[in-house]
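>>> test case, fold it:
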Amino acid sequence: MGCSNSACLDVTNACHCFTNGISVGDAMIATGAEENVAVVTGEVPSHVALGCIADINKNPTQENFQQKVGGLTTGDAAGAVISQRASQHSGVKTYSFSSQGR
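Numbering: from 1, shown residues only. I've put the predicted structure just below:
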C-alpha cells in the first residue's frame, strides 16, 4: 500500500472507537492533512467473559449473576476501512456523537 513513514494514532473510546476513528480520518482528509487514511480496530474482550463465567460457576447466586451479566455481553471483533479524498458529492456526509451524561 506504500504506507512507509505514515502517521499513526490511537483513538480510544470503547465500542465507539471505530466510528470515532472514521470521524478523525475524515477530518484529516477534509483539512488536507492526509490524502488516504486507514482505520483499523480490534478488541479481544473474551477473557473478561471467561472470567465472569468462572466467577458465576464458583458462586452461582442470583446476586452474583446480576453483578457479572454485563461481562457476558461482549465479543471479540475487528474492523478496517480505507478512505481517500474523493469528489465533493461522495464520502461521509454527517456525524452525530452524543451522550446522556448528567
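
>>> where does the most far-flung residue of the chain relative to its centre land on pLDDT?
Within the chain, the residue lying farthest from the chain centre (Cα atoms, centre = their mean) is residue 61, at 33.1 Å. We have a pLDDT of 96 for residue 61.

>>> can you check the one 5 residues further on too?
With respect to pLDDT, residue 66 has a value of 93.

>>> quick check: next helix or strand after the strand or helix carrying it?
Residue 66 is part of helix 62-68, with elements assigned from DSSP states H and E. Using DSSP H and E, the helix or strand that follows helix 62-68 towards the C-terminus is strand 77-84.

>>> which other helices and strands does that next one contact?
helix 17-30, strand 36-43 (3 or more Cβ pairs under 8 Å, 6 or more residues apart in numbering; DSSP states H and E). To be clear about C-beta, it is placed using only N, CA and C from the backbone, and glycine gets the same treatment.

>>> in CSV, list the C-alpha atoms belonging to the shortest one.
In other words, strand 36-43. This file holds the C-alpha atoms of strand 36-43, laid out as CSV (Å, rounded to 0.1, in the frame of the first residue of the first chain):
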residue,chain,number,x,y,z
ASN,A,36,-5.7,8.5,2.4
VAL,A,37,-6.4,7.1,5.8
ALA,A,38,-6.8,3.6,7.2
VAL,A,39,-8.9,3.0,10.3
VAL,A,40,-8.2,-0.4,11.9
THR,A,41,-9.6,-1.7,15.1
GLY,A,42,-9.6,-4.9,17.1
GLU,A,43,-10.8,-5.9,20.6
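
>>> what average pLDDT does that strand get?
pLDDT averaged over strand 36-43 gives 91.

>>> each with direction, which strands does that strand pair with?
Strand 36-43 sits in its sheet next to strand 77-84 (antiparallel), going by DSSP bridges.
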